[in-house]
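Engineer: Next come a sequence and a model predicted from it.
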Amino acid sequence: MININLFVEDEAHEVFLNALIHRFANDHEVIINIKASSVRGGYGKTISELEQYQRDLLRNKEYLPDLVIVATDSNCKGFSERERSIKQASADLGNLVISMIPEPHIERWLLLDPVAFKKVLGKGCPIPDQKCERGRYKRQLLKAISNAGVTPLLGGIEHTEDLVSAMNFQRAAQIDKSIDKFLKELRRRFRTWQQTATTK
């Protein structure tokens, strides 16, 4: 069994990752166990909590997971700056850690595949632009859901699992570099685990 720990800045990242990891696990026929740690209080708190989380993991090395995924929005700071901070805060865990950094926000990723959006909600959505504006993609997601005749009860994240299940990742990766980078790294890990399982 592959143990994957999630370290996320909010519920939307956790729901997205759970759905994505389960889809990859099914595709690669890999048995997984997911453990999530969620942080509230903004990016600064996320990094300080990540440093503490690393210390806690290293105290119990026999229970180290096979992978830690750290998820946080770029929030217009840029992918590179966010990834550098995450790598610094988790440097002692080395290759155990990969970053999921939606640019600029996770809600934009949910709008990347209009075909999947239509399949899940009954009506497609416009492919989102890429601008740095607080709340822009939360509003676009809510509007797209409302335009489909559906009432968004939890800010739209209640549809995340279905959207991830329906999403064409190749199409999404062609539109957005941040999701492309993350999907490639996660897929590489799953292929390695799959190969290891078949050679045992």
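Structural biologist: The structure has been received and is ready for your questions.
Engineer: Look at the residue nearest in space to the middle of the chain and report its pLDDT.
Structural biologist: In the chain, the C-alpha closest to the average C-alpha coordinate belongs to L17, at a distance of 4.5 Å (CA atoms, centre = their mean). Reading off the per-residue confidence, L17 sits at a pLDDT of 97.
Engineer: What sits closest to it if chain neighbours are left out?
Structural biologist: Closest residue in space to L17, ignoring its immediate chain neighbours: L6 at 5.4 Å, by CB to CB, 6 or more residues apart in numbering. In this view, the C-beta of every residue, glycine as well, is placed from N, C-alpha and C.
Engineer: How many residues are close by the one you found?
Structural biologist: Around L6 there are 21 other residues, counting by other CB atoms under 10 Å.
Engineer: Run through the bridge partners of it.
Structural biologist: Beta-bridge pairing of L6 under DSSP bridges involves A36, I69.
Engineer: My understanding was that it contacts V39; is that so?
Structural biologist: No: at 10.8 Å, L6 and V39 do not qualify as touching, with contact defined as CB atoms under 8 Å.
Engineer: S178 and I32: what is the separation?
Structural biologist: Spatial separation of S178 from I32 under the definition CB to CB, to the nearest Å is 23 Å.
Engineer: cool, and Q195?
Structural biologist: Distance check for Q195 against I32: by CB to CB, it reads 16 Å.
Engineer: Can you pick out the residue with more neighbours from those two?
Structural biologist: I32 (18 against 10).
Engineer: Give the lowest-confidence helix or strand of this protein, using mean pLDDT as the measure.
Structural biologist: Taking mean pLDDT, DSSP states H and E as the measure, the helices and strands of the chain show their lowest mean at helix 42-59, namely a mean of 89.
Engineer: Only the buried residues of it, if you could.
Structural biologist: Of the residues in helix 42-59, those buried by neighbour count under the rule 16 or more other CB atoms under 10 Å are 43, 46-47, 49-50, 53-54, 57.
Engineer: Just put these in JSON lines and tack on distance to Y137.
Structural biologist: Rendered in JSON lines, the data for the buried residues of helix 42-59 read as follows (distance: CB to CB, whole Å):
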{"residue": "Y43", "distance to Y137": "17"}
{"residue": "T46", "distance to Y137": "19"}
{"residue": "I47", "distance to Y137": "22"}
{"residue": "E49", "distance to Y137": "24"}
{"residue": "L50", "distance to Y137": "24"}
{"residue": "Y53", "distance to Y137": "27"}
{"residue": "Q54", "distance to Y137": "30"}
{"residue": "L57", "distance to Y137": "32"}
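Engineer: Which of those sits closest to L111?
Structural biologist: Y43 (22.3 Å; CB to CB).
Engineer: Can you verify L142 is assigned to a strand?
Structural biologist: No: judged by DSSP: H, G, I helix; E, B strand; the rest coil, L142 forms no part of a strand; its state is helix.
Engineer: hang on, isn't E107 packed against L141?
Structural biologist: Yes: using CB under 8 Å, E107 is in contact with L141, at 4.5 Å.
Engineer: The two - which one has more neighbours?
Structural biologist: Under the neighbour definition other CB under 10 Å, E107 and L141 were set side by side, and L141 has more, 28 against 25.
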